[in-house]
Structure formats: C-alpha cells, structure tokens
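In: Here's a sequence, model it:
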Amino acid sequence: MSMWRTRLRWETGYSADSVEWCPVLPYQNVLVCGTYQLDKKDEGQQNKKQTRLGRIYLFLVNNDTKELIPAQTIDTAGILDQKWCYHTIGGYPILGVVTSEGKLQLYKLHDIDNCIQLKLWIEVLIGQELLALSLDWSSNKTMVDEPIIVVSDSAGHIKLFKVLGDSLKELYDRKNHGFEAWVAAFNYWNPDVFYSGGDDCMFKAYDLRTPDAIVSNKKHEAGVTAVRSDVDTEHRLLTGSYDEKVRLWDARNLKCCITEVDVNGGVWRLKWHPYNNVVLSACMYGGFRLLRVDKEISIVCKYLEHESIAYGADWKFEETSIVATCSFYDCKLHISEIVF
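Out: Residues are numbered from 1 along each chain as shown. Below you'll find the model as predicted:
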C-alpha cells in the first residue's frame, strides 16, 4: 500500500502556484517556489489595473533539513509557471519563468563560495496587457546548445523562442486559441513538434516546419490545462483538463486517447516520475494524486493535506520518493515522501 507522508511545511506569504526541483547535478537539492498575489492596495479603486505581485523562493533541501528557510527571495511580478532546463547552458543551470506582466525570464543559478543564488540573465516581453501562462523547454531529452522555449499566454497565442548567446530569438507567434492558452509543451522525442491546450477546450499539435496546427482535437469537455510528454517512452503523452480527467495519448494518433481516468478535480499539472511509470497530478480542488500509467491509468493514492487549490507539484530528482507540492489561497508549500 502506498503512503504519502508530509515531512516539512512552510507558509509562502503570497499564493503559491508552482514548485520545481532543479534536475541538474549537483544541484538537485535546489527547489524553487513561485507565487502570485493581487496587490491589495488596488482593491476598490475603479478603473485601476490590478497589480499582480510575485516572489520566487529558492530553497536547499537535503535529507537532514528540519525546517524550510529560503536561501533567496526574489520579488517579481506574479509567477504563473517555472521550468528548469534539464541541462546547463554555458555551464549554468537555467530557470525559465513566465510572469503576469507578459514576460519570459531566464535566470542563471550561480554557485560562488557555496552561496547558491539565481540571477536574472535574459528577459523578453511577449506581449502587452497579457499574462504569460506557461512555458516548456525543447531539450528535456537531448542536450542542445541552443534550446527552444515555447510560451503560451492569456490572449491565446503560442510563441517559440530560441536561446542564442545572451538573447532570445522569436521563431513562431500565432493566435491558436480563442481564449486563454493555458499550456504549451514539447514532444521531447521530436523538438520540432509541440502542443497547446486552451480554455476553448482545444488540444492542438504543431510542427515547427508548418505554420498551422497539424492536429486540432475537440475531445476534452472543458479547458485543457496540462500537457506532458514522457521522456522515457516515445509517443507517450498525457493531458489534463478542467473536466477532471487525465488522458493518455499515443502522439502518433491524437484523434482519440488510449485511456482516461477521473481524478475528481481539475488537472493543473502533470509530472512523470523520473524513473518509472507513475505521475504526480495536481488536481486543484481535488488535492493531489499519484497515478500509475500502464495500458490503463489508475489512482495509487491521494494527498489531501493542503486546504486550497492544488496547483504545484514536482519530483525531487536525486531522491525519487520526495515531492514538493503547493497550494494557492492557503499559501502552503509541503515537502513529502511517497512510499510505493
């Protein structure tokens, strides 16, 4: 029987919506938590655009950690998503961040005299008066010197940027969804192929070599909020939706999913285990789930110790039974151990 036990708890101050463990050796004990909060000073002021504040917290979490204390706090605009590049660029681990001010930011992780800090490296504005909602890296499976980043936004656009030296070159920009494009992600086995999901209930696939979507799938019953390619098994792909279902797909045939499971909550994030066929699912008002993926998807166990919307979840790479989770209105970050 699987067990999901809480080891550490911490209050994030602002509402927490993303947690990401660094996958790059020797920094796999580095955890970032992103937060998002409407500025209370703007409440009740007519015709005033609400300011969205945010913070990135950096933690160092080891086996003997007894208390979560940030090693660094960065004040930013509201954080909507964060993703580490799975390899170094120019010798540095790189964290990608998208913000409520419509910016894509890349931070370098510096290690100077055992002082580990994030420093802003590149920043680009992807659009005015919009929120940058999600990002993904093309190079999670294969290291490349100039990886591509895909970004989605609240106006329904999908954009691609290539890392070139100390700058980002835009490769692609199209409005592919009628409402918010909640998620964009790569096929890690073929970085020319990428996906998006939107509040218009559409799940789309693209090839960078052609301008229009190569697949437009209407099978989801609500907005598509999560897409995750499997680094270890070619053609295997998961999607999540506000319709409370996780679906398994063969990337060669996106007309109909292989199987699906109801997780009793809108699915915001899906994270494959680094080494086996289980998946973390952040299920919003339904808490968190551990899923086993074979020919069917089964729910292995639940984690219901957060008291608000379950948004962030990730595996620690060096110890694959350790997970971080975070929740929104109760401003909670948990470190837990799963025995399965």
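In: so where's the stretch 1-150 of the chain shaky on pLDDT?
Out: Across the stretch 1-150 of the chain, the ranges flagged by pLDDT under 70 are 1, 40-49.
In: so where do the helices sit in it?
Out: Using DSSP state H, counting those that start in this stretch, no helices are found in the stretch 1-150 of the chain.
In: Now residue 92. Nearest residue, chain neighbours left out?
Out: If the residues on either side of it in the chain are set aside, residue 92 comes closest to residue 108, at 4.2 Å by CB to CB, 6 or more residues apart in numbering. (Each C-beta comes from the backbone N, C-alpha and C, glycine too.)
In: Alpha carbons of stretch 291-303, in PDB - could you do that?
Out: Once non-C-alpha atoms are left out, stretch 291-303 reads as follows in PDB (Å, rounded to 0.1, in the frame of the first residue of the first chain):
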ATOM      1  CA  LEU A 291      -1.200   7.900 -10.800                       C
ATOM      2  CA  ARG A 292       0.200   4.700 -12.300                       C
ATOM      3  CA  VAL A 293       0.300   4.600 -16.100                       C
ATOM      4  CA  ASP A 294       0.300   1.300 -18.000                       C
ATOM      5  CA  LYS A 295      -2.400   0.300 -20.500                       C
ATOM      6  CA  GLU A 296      -4.800   2.000 -18.100                       C
ATOM      7  CA  ILE A 297      -4.300   4.900 -15.700                       C
ATOM      8  CA  SER A 298      -5.000   4.000 -12.100                       C
ATOM      9  CA  ILE A 299      -5.100   6.200  -8.900                       C
ATOM     10  CA  VAL A 300      -2.500   4.800  -6.500                       C
ATOM     11  CA  CYS A 301      -3.000   7.200  -3.600                       C
ATOM     12  CA  LYS A 302      -4.300  10.700  -2.700                       C
ATOM     13  CA  TYR A 303      -2.800  13.600  -0.800                       C
END
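In: Pull the distance from that stretch to the chain's centre.
Out: Relative to its chain's centre, stretch 291-303 lies at 20 Å (CA atoms, centre = their mean, to the nearest Å).
In: who's in contact with that stretch?
Out: Applying CB atoms under 8 Å, 6 or more residues apart in numbering, the contact partners of stretch 291-303 are 2-4, 236, 238, 246, 248, 258-261, 263, 277-281, 287-290, 325, 336, 338, 340.
In: Just the buried residues of the residues you listed.
Out: By neighbour count, with 16 or more other CB atoms under 10 Å, the contacts of stretch 291-303 hold 4, 236, 238, 246, 248, 260-261, 263, 278-281, 287-290, 325, 336, 338 as buried.
In: The residues you listed in strands, which ones?
Out: 4, 236, 238, 246, 248, 260-261, 278-281, 288-290, 325, 336, 338 (DSSP state E).
In: And for the closest residue to residue 127 other than its chain neighbours, the neighbour number?
Out: Residue nearest to residue 127 in three dimensions, not counting chain neighbours: residue 102, with 4.8 Å by CB to CB, 6+ apart. For residue 102, the neighbour count with other CB atoms under 10 Å is 21.
In: What of the one 10 residues further on?
Out: One way to gauge burial is a neighbour count; for residue 112, by other CB under 10 Å, it gives 7.
In: what does residue 70 give?
Out: 17.
In: same question, residue 266
Out: For residue 266, using other CB under 10 Å, the count is 22.
In: any chance you could read off phi and psi for it?
Out: Taking degrees, to the nearest 10, you get phi -60, psi 130 for the backbone angles of residue 266.
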